[in-house]
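Trainee: Next input, structure requested:
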Amino acid sequence: MAAGSDAELWDRLRAGDQDALGELFDRYADDVYAFAFRRTASWTTAEDVVQATFLSTWRRFQRNPPGPMTGPSARGWLLVVAGNECRVLFRTTRRFRTMLERLPDPSPGPDHAAEVARKLDDEQRMSAIRRALAKLPRHERETLELVVWSGLTTAETADALGVPIGTVKARLHRTRRRFPDLLSRIALSEELS
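Mentor: Numbering: from 1, shown residues only. Purely as a prediction, here's the structure:
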């Protein structure tokens, strides 16, 4: 096992080493952030997902550590955790919006910077892409997100999702056949991250 490898960090985490989590964070926080933005179409929510992903990872390793790492990288495992955190945040946000609907609308503030406008445009484009992705079954959508957006190989994706490589390839093939324009829309999203 190479020094500083993901497998070594994984084993250190299993032994309760907090520094190992920090090293995994340094290594994969940007990947989780980009994945979360694509899932949520919100930069702010993506930041929350990054925090929740690594906090959840620490808690998991403290309470009930997973077994030895089976793949070459912890990246896929972290992205699956991030996907779960996105679902939790969606449910929380839905409840929060329901509560806010009962309150009077606040007065809008001024546009403080071009950066805010750019982020809003990014979020609108990503929302359109998310609506297109919502037409896919969850297992195909997750596969597409891991392979196309996050750049995992089919082997890494299969390992992260716990399915055979052939299943990953079949899911990607079905997605490309049913939604040929979807991949070009996703390619546009690459410019957003």
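Trainee: Contacts made by stretch 70-86 with the rest, please.
Mentor: Residues external to stretch 70-86 that are found in contact with it (Cβ atoms under 8 Å, 6 or more residues apart in numbering): 6, 9-10, 24, 28, 31-32, 35-36, 39-40, 45, 49-50, 52-53, 56-57, 60, 66, 69, 142, 145-146, 150, 152, 155-157, 159-161. C-beta here means a position set from N, CA and C on the backbone, and glycine is covered the same way.
Trainee: Name the residues of it that are buried.
Mentor: Residues 71, 73-83, 85-86 are the ones in stretch 70-86 that count as buried (16 or more other Cβ atoms under 10 Å).
Trainee: so how far is it off the chain centroid?
Mentor: 8 Å (Cα atoms, centre = their mean, to the nearest Å).
Trainee: For it, the averaged confidence score.
Mentor: Per-residue pLDDT over stretch 70-86 has a mean of 93.
Trainee: ditto for stretch 118-126
Mentor: Stretch 118-126 shows a mean pLDDT of 85 in the predicted model.
Trainee: For that stretch, which residues meet the burial criterion?
Mentor: Lys119, Asp122, Glu123, Arg125, Met126.
Trainee: Many thanks, have a good one.
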